Structure formats: structure tokens, C-alpha cells
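Engineer: how would this look folded up:
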Amino acid sequence: MKILLRNAILFDGVSLSGKETDVSIDGSLIEAIGDADLGRDFDVIHDLSGKILCPGFIDLHCHLRDPGQEWREDLSSGSSAGAAGGFTTLVCMPNTDPPLDSPALVSYVLEKSGRSPGSRILPAGCVSRERKGKVLAEMGKMAKAGAVIFTDDGNPVSDTGLLRLALQYSSWLGVRLMEHPEEKSLTKDAQVNEGICSSFSGLKGWPSSAEASDISRGVSLCRDTGVPIHFTHVSAEDSLRVLREAKASKLPVTFDVTPHHLCLSEENVIEGGYDSVFKVNPPLRSRRDRDALWEALAEGTVDAIATDHAPWHIDEKDLPFQEASFGIASLECAVAAVLTEWEERGRPCSMGRLLGLFTSGPASILPGVWGGAGAGRIEVGLTADLTVLDPELEQIVNVEKWKSKARLTPWNGKRLKGWPVMTMVGGRTVHPVEETDRGLS
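Structural biologist: Prediction:
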């Protein structure tokens, strides 16, 4: 199929063009960039005037609950939800049942992903067997099968010797290790951020030092081994100090932040009456921590924005705060939530820098074909993984229309501005899926 995307404002993964241009697609590949010959026989023509054409958004960290927890989410519903949120690629975490700690389970995800209707899904493999932190998982076999990240997410790799060994293996395999930064001895039974939220509620506080101390350990191992390490869902100012120092020392350290830590704080927990939709690991931090994340984003320290989409069945989440599960669902509104907060803050960084954190930033952390030259970019000859963003579109979040099985989120009923309106995976339009896509539009 030949598709023409006309009059798009192009973000190629590096810079945002100030003028409109055309992009033509032939089959699964980008064929040409520039003014198109309208006399050609295109199967589909889309006029994207006023909209931004981006490389497909990549989510380095989401929970799709498959295998074993499909009542919360599955690969099909997660794939559809990802496409609706503008994501062409999702990296699913391995804290499933059973955990993704073998090549057979990695292959299961990839095979089922191939039949999914929306976003491409890539599996993360466990660092340790069953995520228990005792014995190294079959990292080499999982990498060969297609694992793109190694992590025990939901748990840190608490055994420092095992973490060091895993880092060395990851270097040989060319697949990065993602650490969930948490010192468990400081967070046992914790519910909310240690600060005004814990003081007002009487719930046990979760200190930011629990995150910063584990990041310090990981940075030390990175310095020792010279092996890249990625820290996920960084939430606190204390952590940023450690990460800035590591980057200033030219260590191969990367990290992501989440939409909810950029947009919400512990004040939302208090003002929301300790509604469990605000309960997440790590917890929503202070306003100062949230401001620090935006400062780091604006200065170029942050490498990616990852959703940490955590869907739960309503029976597991709609409970008193201290009894509810940790996690926020956001795949379908994450981009709009960040763009809305960005605009309300007076646009503290360029739109191009922000979009890079959904595209070329996360692409650079993935291995091989996913993270190689051109990934997260729009260039002639590359796969047509594309997202169309309407920066002026305002919509109210309505979970009843979500593709995800999750039905609880802090953004339900909120008006957000700046929405993905079309998602293409390998030249195939996966959102919106309309019959009119088969003809001229």
C-alpha cells in the first residue's frame, strides 16, 4: 500500500521543522520526504495540516500482565491501548505469572505480539530466576530469543554481587539492564511519600533516600564495570543529584521519568482524599521533587519518559488506600498529560526536546535493530513507525472508552490538550482503525 502524509510539521527525532512537508510510505518503509508528486497513484492520502508527524512513540516500561494475569490486562488489550496512546512500541515488564525468566516465555510474548492489533510489543526478561534475586536467569538465551531489556522490575536486584554479575553479562549480550531503584529495608510497609503526606495521614512514609541509595549503588557498579545501566521511574530530587554527577563523569548511566511523577505530587493524594488511584511505587513525591524532574528534563539530563502503565482489576484497586495495589494506568493519556503539564508550566523546554523523550531517547536505550542507527527517527528507508500528534486537540479522559482493561486512573474526567491522533506500525494504521483507511481520505 502507498500512503501519502501531506502538510505535516515534521519532528524527525532530532529537530522540529517549522514548515510543513510531505512524507510518502510504500509498504512498510518511508519512501520519500519532501513535496510529493500528487499525480502518483496513492492508496491513501492524509492531510496533516497543523499536526506534528513524529517517529513512533516508544514506551520503555509498561505492565501488560500476560501471561497469567490477563484479567488485569493482556497483550492484545495492551497493544490496542498503546496504539490509542500514540505508542508504536511497548516494552512489557517481566513481573507476570510465571515471570518472564526463560527463552520460551520471551518467545511466547513475541509470538503473541505478532498477532496483536496495535503497538508492537517487545519483552523484558528477568535478571534473576522468578525475580527472587537469588540466581541469575538465562540472560543469554533470553537475549537470543528477543529480550530487549533485563530487569526484575517491581523488585530491585538487592544482592549486589548478583547485580554486578548481571551487568557484566548484559555488556557481553548488548542488552541493557534496567534497575528498579528501591532499598527495600527503607520501604517495608510504606504507603506514601515521607513528608507532609505521611505526616497528615499517619501512613508510613517512603523516604526518597530509598531510591537515591539504590541508584548510588548502581552508579558505583557502573563506574566499576564500565557497563551501561538504566534506572527506571526516577522520582526524587536526591536521586537526580546522584545521576547528574554520574553523567558529568561520563558514565554510561541513563534513566527515565514517568508522566505521573511529572504531573502529580503528594498534594494530589491529600486533596484527593487518599483515593487509591494516586497510590504508586515509587510514591508521588513533593512539589519540589516534581519541579526538580522538570528542571532535569529541561536541561537535557533525562533520557526518556516511560509510562510505567500498571493496570489492575477494579477489585484490586478500588479499596482503602493502605489496602490497594500500587500502580497507575496511563497508556492512553500519558502523552496528553505530559503535554498539558508542559504547557501549564510555560513550556520549560522545547517541544522537540520533549518529543525526543518519547522517541529517539528511549530508542537509544534498546539494543540491536531496535536501538541501532535510525531508530526513533524519520528517514528515507526506515520502517514507517509513525505517530501523528495534534498539539491543539483538547479532550476529556473517559476510561469507559479505553482499549485498556484498566478503569481507574487519576486523569479520568480531566481535560487534556495535545493528543496523538494517528499511529502507524510498519506502515499499517493501527489507530484509528477505520474502514475509510482503505480508500482515499
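Engineer: worst-scoring helix or strand of this protein, pLDDT-wise?
Structural biologist: Lowest by mean pLDDT, DSSP states H and E among the helices and strands of the chain is helix 368-371, with a mean of 66.
Engineer: now do the strands in the stretch 301-441 of the chain.
Structural biologist: With DSSP state E, counting those that start in this stretch, the ranges of strands along the stretch 301-441 of the chain come out as 304-305, 386-396, 415-425, 428-431.
Engineer: and the last one, what other elements does it pack with?
Structural biologist: What that stands for is strand 428-431. For strand 428-431, the packing partners by 3 or more C-beta pairs under 8 Å, 6 or more residues apart in numbering; DSSP states H and E come out as helix 75-84, strand 415-425. From N, CA and C alone the C-beta is placed, and that goes for glycine too.
Engineer: please identify the most buried of the ones you listed.
Structural biologist: helix 75-84 (a mean of 27; mean count of other C-beta atoms under 10 Å).
Engineer: which element follows that helix toward the C-terminus?
Structural biologist: Downstream of helix 75-84, the next assigned helix or strand under DSSP states H and E is strand 87-92.
Engineer: now do that next one against strand 386-396, angle only.
Structural biologist: 90 degrees (axes from the mean of the first three to the mean of the last three C-alpha atoms, to 10 degrees).
Engineer: contacts for strand 87-92?
Structural biologist: By C-beta atoms under 8 Å, 6 or more residues apart in numbering, the residues outside strand 87-92 that reach it are 56-64, 66, 75, 78-79, 82, 109, 119-124, 148-149, 331, 366, 370, 385-387, 423-425, 430.
Engineer: repeat for stretch 131-146
Structural biologist: 94-95, 99-104, 106-107, 110, 122-123, 125-129, 147, 150, 152, 154-159, 162, 165-166, 169-170, 173-175, 367.
Engineer: got a PyMOL select line for the buried ones in the residues you listed?
Structural biologist: A single PyMOL command selects the buried members of the contacts of stretch 131-146 (16 or more other C-beta atoms under 10 Å):
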select buried, resi 94+95+99+100+101+102+103+106+110+122+123+125+126+127+128+147+150+152+154+155+156+157+158+159+162+165+166+169+170+173+175+367
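Engineer: sketch out the low-pLDDT regions of the stretch 301-441 of the chain for me.
Structural biologist: For the stretch 301-441 of the chain, the stretches with pLDDT under 70 are 369-374, 434-441.
Engineer: try it again at 90.
Structural biologist: 367-375, 433-441 (pLDDT under 90).
Engineer: could you chop the protein up by domain?
Structural biologist: Using automatic domain parsing, the domain parsing of the chain gives 2-52+383-438, 56-371.
Engineer: how much space between the residue nearest to residue 241 when sequence neighbours are not counted and residue 99?
Structural biologist: In this structure, residue 241 finds its nearest non-sequential neighbour in residue 212, 7.5 Å apart by C-beta to C-beta, 6 or more residues apart in numbering. For residue 212, the distance to residue 99 equals 27 Å [C-beta to C-beta, to the nearest Å].
Engineer: what packs against the helix or strand hosting residue 294?
Structural biologist: Using DSSP H and E, the element containing residue 294 is helix 287-299. In this structure, helix 287-299 packs against helix 237-248, strand 253-257, helix 259-263, helix 351-356, with contacts taken as 3+ C-beta pairs under 8 Å, 6+ apart.
Engineer: ok and that helix relative to strand 253-257, angle-wise?
Structural biologist: 120 degrees.
Engineer: so what's the residue count around residue 309?
Structural biologist: 31 (other C-beta atoms under 10 Å).
Engineer: how much space separates residue 304 from residue 133?
Structural biologist: 25 Å.
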